[in-house]
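Visitor: Need a 3D model of the following:
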Amino acid sequence: MIKASKLRKNRNLQRHRRHLRIRNKIHGTAERPRLVVYRSLKNIEGQLVDDDAGRTILGLSTLAADVRDFQAEGKNPRVEHAFAAGKALAERAKSEGIESVVFDRGGYKYHGRVKAFAEGAREGGLQF
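Guide: Reported below is the predicted structural model:
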């Protein structure tokens with residue numbers, strides 16, 4: 001019998017397991033790729049992935065040149081930065097001809113920066 005403490009290990013392993021559960025349910029195609037979100041302590045990253053071909057179509061991080069220069073003015077600058085990154089990713093996707101995506105929150109709660117990234121992508125013109 002395996003102890004419950006061995007199964008839990010750490011927060012990152014738990015998030016990875018949640019992400020794998022989500023990945024069993026959603027699948028990205030060339031017409032409707034999967035929008036994957038990765039959140040670190042300081043930055044957030046989004047990628048459009050075609051699971052059929054097994055390749056990344058396009059990606060953007062808050063470290064990208066056009067998003068890095070964004071000046072946040074509110075209480076929570078990282079949330080505003082994530083919103084701007086989502087909007088910039090949506091604009092790039094629209095220029096590539098991608099209109100709709102499948103959202104993959106990556107095992108994170110749909111809250112805070114992940115939610116702001118998704119709302120920014122919606123405002124930029126992507127359909128979820």
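
Visitor: How about the residue nearest to the spatial centre of the chain: what's its closest non-neighbour residue?
Guide: Residue closest to the average C-alpha location in the chain (CA atoms, centre = their mean): residue 37, at 1.7 Å. Among residues not flanking residue 37 along the chain, residue 106 sits closest, at 4.9 Å (CB to CB, 6 or more residues apart in numbering). For glycine as for every other residue, the C-beta is placed from the backbone atoms N, C-alpha and C.

Visitor: for the one you found, helix, strand, or coil?
Guide: Following DSSP: H, G, I helix; E, B strand; the rest coil, the label given to residue 106 is coil.

Visitor: That one touches residue 39, doesn't it?
Guide: Yes: under the criterion of CB atoms under 8 Å, residue 106 makes contact with residue 39 at 7.2 Å.

Visitor: What separation do you get for residue 122 and residue 23?
Guide: 22 Å (CB to CB, to the nearest Å).

Visitor: try residue 111
Guide: Counting by CB to CB, the gap from residue 111 to residue 23 is 20 Å.
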